[in-house]
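Asker: sequence first, predicted model second:
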Amino acid sequence: MSIAAAVDALKQGKVIIITGDRYRRGDMDFAVAAQHATPEAVNFLATHGRGLVCLAMQQDRAIRLGIDLMNPGTDRQSGRPLGRSIEAAEGVTTGISAADRAQTVKAAVAPDATADDIVSPGHIFPLICAGGGVSERPAAAEAAVELTRRAGAGDAAVICAIMRDDGEMARPADIADLVARFGLAVADIGDLLESDENDKAPAHGG
């Protein structure tokens, strides 16, 4: 596992794996920078991840797009920062194909995107990241956005939970074949937090 390798992979438009989500009992996710979420990348996530395809974004983008949390209160709270589902306002048909979902992501992360560029409900599920990022909420959404930012590949990422062939959630022992087969970089949230702390640590003179 290497944060640097994951950042480099994201910079190249590749899919990575994020491990160590502390809110979902260790579930693992595929992640790709939203600006590199091609139809082929979305199809990879849907085929090999099998989970919900989500668009992790920062709060300022969610506000700009007019996306609110589905449950902003504290009652009956799952703790998952899901916003209302979205679809691109133009350029899609049924919305569920890999190409249509990639188009929705493209519309949502365009530099000048506004609420007029999306409609609801749709087939992409926004995750609105905590304001303090991964240090506030050590979860896959925040980690994916932080890694994408480090890669200079924007400030949003597409993630998808990884399920095994039998329908159970994948665990570290289950991803060796995926990593070897597709040459995937793996980033652990614990390592990301540690590297973040190291970056913030004051330099000591020798």
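Answerer: Yep, it's here.

Asker: give me the most central residue, the protein.
Answerer: residue 159 (3.4 Å; CA atoms, centre = their mean).

Asker: off-centre distance for the strand ranked longest in the chain?
Answerer: Taking DSSP state E as the criterion, the chain has its longest strand at strand 118-128. Centroid separation between strand 118-128 and its chain, computed with CA atoms, centre = their mean, to the nearest Å, is 14 Å.

Asker: one more: stretch 7-16?
Answerer: Offset of stretch 7-16 from its chain centre (CA atoms, centre = their mean): 13 Å.

Asker: and the strands in this protein?
Answerer: Listed in chain order, the strands of the chain (DSSP E) span 16-19, 29-33, 50-57, 86-88, 118-128, 156-162, 186-188.

Asker: nearest to residue 96, out of the ones you listed?
Answerer: strand 118-128 (4.9 Å; CB to CB). (Each C-beta comes from the backbone N, C-alpha and C, glycine too.)

Asker: report the angle between the closest one and strand 50-57.
Answerer: On the basis of axes from the mean of the first three to the mean of the last three CA atoms, to 10 degrees, strand 118-128 is oriented at 90 degrees to strand 50-57.

Asker: for strand 118-128, name the packing helices and strands.
Answerer: Applying 3 or more CB pairs under 8 Å, 6 or more residues apart in numbering; DSSP states H and E, we find strand 118-128 packed against strand 50-57, helix 59-65, strand 86-88, helix 98-109.

Asker: what's near enough to touch the residue nearest to the centre of the chain?
Answerer: For residue 159, the contact set (CB atoms under 8 Å, 6 or more residues apart in numbering) comprises 18, 29, 30, 31, 45, 53, 54, 56, 127, 140, 141, 144.

Asker: ok, so of those, who is nearest residue 86?
Answerer: residue 54 (10.8 Å).

Asker: ok, what's across the strand from the closest one?
Answerer: Applying DSSP bridges to residue 54 gives these bridge partners: residue 125, residue 159.

Asker: so what pLDDT did it get?
Answerer: pLDDT recorded at residue 54 is 98.

Asker: cool, residue 88 as well?
Answerer: Reported pLDDT for residue 88: 98.

Asker: counting neighbours, what do you get for it?
Answerer: Residue 88 has 24 neighbouring residues, counting by other CB atoms under 10 Å.

Asker: beta partners for it?
Answerer: Taking DSSP bridges, one finds residue 118 as the beta-bridge partners of residue 88.

Asker: isn't it up against residue 103?
Answerer: Yes: taking CB atoms under 8 Å as the contact criterion, residue 88 and residue 103 are neighbours in contact, 4.8 Å apart.

Asker: which of the strands of the chain has the highest mean neighbour count?
Answerer: Among the strands of the chain, strand 29-33 has the highest mean neighbour count (mean count of other CB atoms under 10 Å), at a mean of 28.

Asker: could you check the angle strand 156-162 makes with that one?
Answerer: Using the same axes, to 10 degrees: strand 29-33 against strand 156-162 is 160 degrees.
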